[in-house]
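Enquirer: sequence? don't have it. structure:
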C-alpha cells in the first residue's frame with residue numbers, strides 16, 4: 001500500500017513540531033452532510049490555532065493519506081460508498097484501490113506509521129451491550145499501537161464497565177483529564193472510577209511519556225469530559241440509546257453498520273441535541289490533543 005504525507009505534515013514532522021492525527025470515519029460515516037465537512041474543517045482549524053499541525057487521515061484510491069487537502073476533505077465528506085477502515089481492511093482496500101475512512105484503530109495504525117504520537121477522536125469503540133464477545137477493533141489496537149488517544153470516553157451506546165475492564169486487562173492506561181470518572185461521551189460522568197487523573201494536559205502528556213520511556217508499548221486513553229455547557233443528562237441519553245438499540249435489533253442492523261445507525265437514531269430521538277453534543281466534544285478533544293502534542 002502506498003503511503004503519503006501532505007507537505008504541511010511532512011514539514012512539521014521533519015522539524016519536530018507537534019502534529020495531531022484526526023480520523024475520517026466521523027466525516028464519511030459519523031455526521032450528516034454538510035455538518036461533517038464543517039466539523040472536519042473546524043477541528044483542523046482548532047489544532048492550528050493551538051499551535052500544532054493537523055493530520056486528517058484517510059485512504060484515497062488505495063493510498064494512505066496522512067494530511068488531506070481541503071479538496072480531499074470535501075470529496076470524502078460528499079462521496080457515498082467509502083469503506084470504513086480498521087486493521088483488517090487495509091489489504092483489501094489497497095488491492096482494490098478504493099476509498100476508505102479510517103476508524104480509531106485505522107487512524108492509530110497510520111499515525112504510528114507516520115510517527116505521530118497523538119490522535120483526537122470523539123469516542124473510542126468498546127465492548128457492545130448485551131454481547132461481551134462483540135469487541136471493537138479499537139481496543140486491541142490501543143493495546144498494541146503506541147499512540148495517545150484523546151476522547152470523551154467510549155461511545156455511550158456501548159457497555160462502558162466492560163470496556164474499562166477490557167482496557168485494564170490489556171494494560172492500557174485511561175487518564176481522566178480533571179476528572180476521577182470515565183466520561184460517558186454525551187455526559188460528563190458515568191459513575192465508573194478511574195485510577196489515573198491528570199490536572200492538566202501537560203501532566204497527561206507526562207504520564208504517557210513516562211510509560212513509553214519505560215519501554216512499555218501500546219497506547220493510552222486521555223479521557224476529556226464533554227464541556228459542561230454541551231453535556232446531556234444521563235437519564236435522557238440512556239433512554240434514547242435503549243430505544244435506538246431496540247430499533248437496530250428490530251431492523252437486523254449488524255456489524256460495521258451498528259454504530260452509525262445508533263448514533264443517527266439517538267440524534268433523531270433527542271431532537272438533534274446529541275449531534276450538537278457530539279460536535280462540541282469533538283472540537284474540545286481537538287484542542288486537548290493539540291495541547292498534549294505540544295507538551296510531548
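Expert: Everything's here; your move. Given the structure is predicted, the values throughout are model-derived calculations rather than measurements.

Enquirer: Helix or strand: which one has residue 209?
Expert: With the criterion set as DSSP states H and E, the secondary-structure element containing residue 209 is helix 201-213.

Enquirer: Determine the set of other helices and strands touching whichever strand or helix holds residue 65.
Expert: Remark: residue 65 resides in strand 63-66, with elements defined by DSSP H and E. Contacts of strand 63-66 with other secondary structure elements, assessed using 3 or more Cβ pairs under 8 Å, 6 or more residues apart in numbering; DSSP states H and E, are made with strand 3-5, strand 53-60, helix 104-114. The way it works is simple: take the backbone N, C-alpha and C, and place the C-beta from them, glycine included.

Enquirer: what does that strand rub up against?
Expert: Residues external to strand 63-66 that are found in contact with it (Cβ atoms under 8 Å, 6 or more residues apart in numbering): 1-6, 9, 21, 55, 57-59, 72, 90, 110-111, 113-114, 116.

Enquirer: what do you get for stretch 279-291?
Expert: With Cβ under 8 Å, 6+ apart as the contact definition, stretch 279-291 has outside contacts at 18, 20, 22, 26, 31, 35, 39, 42-43, 46-47, 50-52, 54, 118-123, 150-152, 177, 185-186, 201-202, 222, 224, 226-227, 229-230.

Enquirer: For residue 213, give its distance to residue 146.
Expert: When Cβ to Cβ, to the nearest Å is applied, the distance between residue 213 and residue 146 equals 11 Å.

Enquirer: Between these two, point out the one with more neighbours.
Expert: The residue with more neighbours, out of residue 213 and residue 146, is residue 146; 17 against 8, by other Cβ atoms under 10 Å.

Enquirer: Overlap in contacts, residue 213 and residue 146.
Expert: Listed as contacting both residue 213 and residue 146 by Cβ under 8 Å, 6+ apart is no residue at all.
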